[in-house]
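Chemist: From the sequence below, what's the structure:
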Amino acid sequence: LADRFIKGNCFYVDLSYLKHSPVRTHTHAAHTPKMSEVVLNFQPAHAAIGGAILGVATVGKLLTTGRILGISGSFKGTVVEGDLSPWRFAFIGGLVASGLLDAVFDPLQIIEPSAGLARTVVAGLLVGAGSGMGNGCTSGHGICGNSRLNPRSMVYTGLFMATGFATATLFNTNAALHVVSASSALGNTVLPAADALARYAGILAVSVVSFLGLAHIARGASKKADGECGKTHGVLAIVAEGLAGLVFGIGLTVSGMRRAAKVSGFLSALAPSWDPSLMLVMGGAMSLAIPGFVVAGNKPKPACTPKFNIPKNKKLDKKLLVGGVLFGAGWGLAGLCPGPAIVSIAARPTGKLGAWLTSVVAGMWVQHKLA
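Modeler: So this is what the prediction gives:
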């Protein structure tokens with residue numbers, strides 16, 4: 001499902017178009033990759049379709065459980081705040097399951113070069129502290145908050161994007177991740193083949209039908225219980241959380257956003273290798289999330305729980321602003337944020353991914369204790 005790499009004596013270059021036989025456009029030979037280098041391709045269809053899958057997960061979770069899809073909040077609540085609610089385990093478990101499935105269906109996937117250990121640890125600390133202070137990351141604020149036009153989310157997103165751009169540029173994250181900055185991603189545009197498009201369409205269709213099926217079962221249970229939420233609804237809500245995590249993780253894989261190099265390619269906006277894929281991912285997700293929140297606003301309650309639990313806070317405060325800067329700095333240093341890291345460590349665990357996630361937990365813990 002993801003971009004893949006052909007390895008020869010530690011030689012990394014994006015040749016996913018050989019695997020999926022897509023149509024390649026605007027190709028030019030500008031650079032011959034060296035040992036352990038990553039050459040980025042612009043894959044607009046993967047990005048937009050992957051974003052749409054993220055949107056399905058976001059809307060499906062919202063309309064069935066009433067909760068927004070926020071990965072850092074779910075993660076922090078479980079590992080730092082000690083909230084052992086079953087829905088949190090189900091959602092995070094779904095993310096992990098998507099990584100495990102990716103490992104099963106693509107056992108030959110190759111690990112791209114990563115940043116140095118010290119840089120990775122610092123990045124994780126900043127992401128953990130920043131997401132804790134700002135109460136969110138690229139999913140909760142970037143997709144959900146912006147889709148409902150929440151001022152806090154719009155400001156937070158603007159801050160972490162700007163700080164991410166500045167950090168990736170000033171500290172040359174492309175070089176840290178062995179990205180070939182001189183090679184144009186836009187000049188190497190790759191489109192998926194028909195069979196790949198059919199698979200992605202199938203993923204979208206099955207995801208939508210699965211959420212609709214859960215909602216249909218919940219409505220039937222409500223009729224039998226005179227509109228009340230009973231044990232059946234509780235079970236369905238847990239299933240919906242797991243499904244949301246699974247679908248969201250698949251969307252991260254399809255879109256390429258699990259790749260730190262891909263994120264660095266976007267944040268390194270002044271480099272010839274600039275890759276605008278993240279814009280298409282966010283656009284694809286929000287194109288479904290925006291109407292999804294409108295629908296939720298017109299419903300008395302979600303399908304599987306008694307009420308919607310959508311944050312109401314619109315206040316811009318110091319914690320939000322500082323959190324956005326810290327999160328953006330950590331994101332820009334290593335190209336990682338919680339969702340992609342959780343999926344990736346399940347699909348292909350590495351010591352540095354483990355160090356990054358441990359550092360995120362440490363940053364969240366310190367922020368929580370100082371709050």
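Chemist: what's the longest helix in the chain?
Modeler: Longest helix in the chain, counting residues (DSSP state H): helix 194-224.
Chemist: Quick check: the gap between the closest residue in space to G332 that isn't next to it in sequence and G130.
Modeler: With sequence-adjacent residues excluded and distances taken as Cβ to Cβ, 6 or more residues apart in numbering, G332 is closest to T167, at 3.0 Å. Quick note: C-beta positions are derived from backbone N, CA and C, even for glycine. Using Cβ to Cβ, to the nearest Å, one gets 12 Å for the distance from T167 to G130.
Chemist: Can you work out which residues contact both of those two?
Modeler: Contact criterion Cβ atoms under 8 Å, 6 or more residues apart in numbering; residues shared by T167 and G130: 328-329.
Chemist: the more surrounded of those two?
Modeler: Using other Cβ atoms under 10 Å as the criterion, T167 and G130 rank with G130 on top: 30 against 23.
Chemist: Any chance you could list what contacts the helix or strand containing the residue nearest to G332?
Modeler: Using DSSP states H and E, T167 maps to helix 151-170. For helix 151-170, contacts defined as Cβ under 8 Å, 6+ apart pick out 130, 134, 136, 138, 140-142, 144-146, 173-174, 264, 267-270, 313-316, 320-321, 323-325, 327-329, 331-333, 335.
Chemist: Which strands or helices does the following helix or strand past that helix pack on?
Modeler: Per DSSP H and E, the first helix or strand lying C-terminal to helix 151-170 is helix 173-176. In terms of contacts (3 or more Cβ pairs under 8 Å, 6 or more residues apart in numbering; DSSP states H and E), helix 173-176 is packed against helix 260-267, helix 318-334.
Chemist: Out of the ones you listed, the one nearest A371 is which?
Modeler: helix 318-334 (8.0 Å; Cβ to Cβ).
Chemist: Now do the buried residues in that closest one.
Modeler: Neighbour-count burial for helix 318-334, counted by 16 or more other Cβ atoms under 10 Å, picks out 320-321, 323-334.
Chemist: Save those as TSV, and put in pLDDT too.
Modeler: Formatted as TSV, the buried residues of helix 318-334 follow (pLDDT from 0 to 100):
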residue	pLDDT
L320	96
L321	97
G323	97
G324	97
V325	98
L326	98
F327	97
G328	97
A329	98
G330	98
W331	98
G332	97
L333	97
A334	97
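Chemist: what's the closest of the residues you listed to G187?
Modeler: Using Cβ to Cβ, those come closest to G187 at G332, 24.0 Å.
Chemist: just checking, that closest one touches N174?
Modeler: No - the criterion here is Cβ atoms under 8 Å, and G332 misses it with N174 at 11.0 Å.
Chemist: In three-state terms, label the closest residue to A215 other than its chain neighbours for me.
Modeler: Distances taken as Cβ to Cβ, 6+ apart place A303 nearest to A215, at 4.0 Å, with adjacent residues excluded. Remark: A303 carries the secondary structure label coil [criterion: DSSP: H, G, I helix; E, B strand; the rest coil].
Chemist: what about the residue in the chain sticking out farthest from the centre, distance to V235?
Modeler: Residue farthest from the centre of the chain, counting by Cα atoms, centre = their mean, is D226 at 38.4 Å. Remark: distance between D226 and V235 (Cβ to Cβ) = 19 Å.
Chemist: now W356
Modeler: For W356, the distance to V235 - Cβ to Cβ - is 34 Å.
Chemist: cool, and A182?
Modeler: When A182 is compared with V235 (using Cβ to Cβ), they lie 54 Å apart.
Chemist: Who has more neighbours out of these two?
Modeler: V235 (15 against 12).
Chemist: what's the angle from the helix or strand hosting the more buried one to helix 194-224?
Modeler: For V235, the host element (DSSP H and E) is helix 231-255. Per axes from the mean of the first three to the mean of the last three Cα atoms, to 10 degrees, the angle that helix 231-255 makes with helix 194-224 is 160 degrees.
Chemist: packing partners for helix 231-255?
Modeler: Secondary elements touching helix 231-255 (3+ Cβ pairs under 8 Å, 6+ apart): helix 44-65, helix 86-105, helix 194-224, helix 277-297, helix 338-347.
Chemist: That helix: which residues count as buried?
Modeler: Those would be 232-233, 236-255, for helix 231-255 by 16+ other Cβ under 10 Å.
Chemist: got it, and stretch 278-287?
Modeler: For stretch 278-287, by 16+ other Cβ under 10 Å, it's 278, 280-282, 284-286.
Chemist: Also stretch 201-213?
Modeler: Per 16+ other Cβ under 10 Å, stretch 201-213 contains these buried residues: 203-204, 207-208, 210-211.
Chemist: same thing with stretch 223-232?
Modeler: So for stretch 223-232, counting by 16+ other Cβ under 10 Å, buried means 229, 232.
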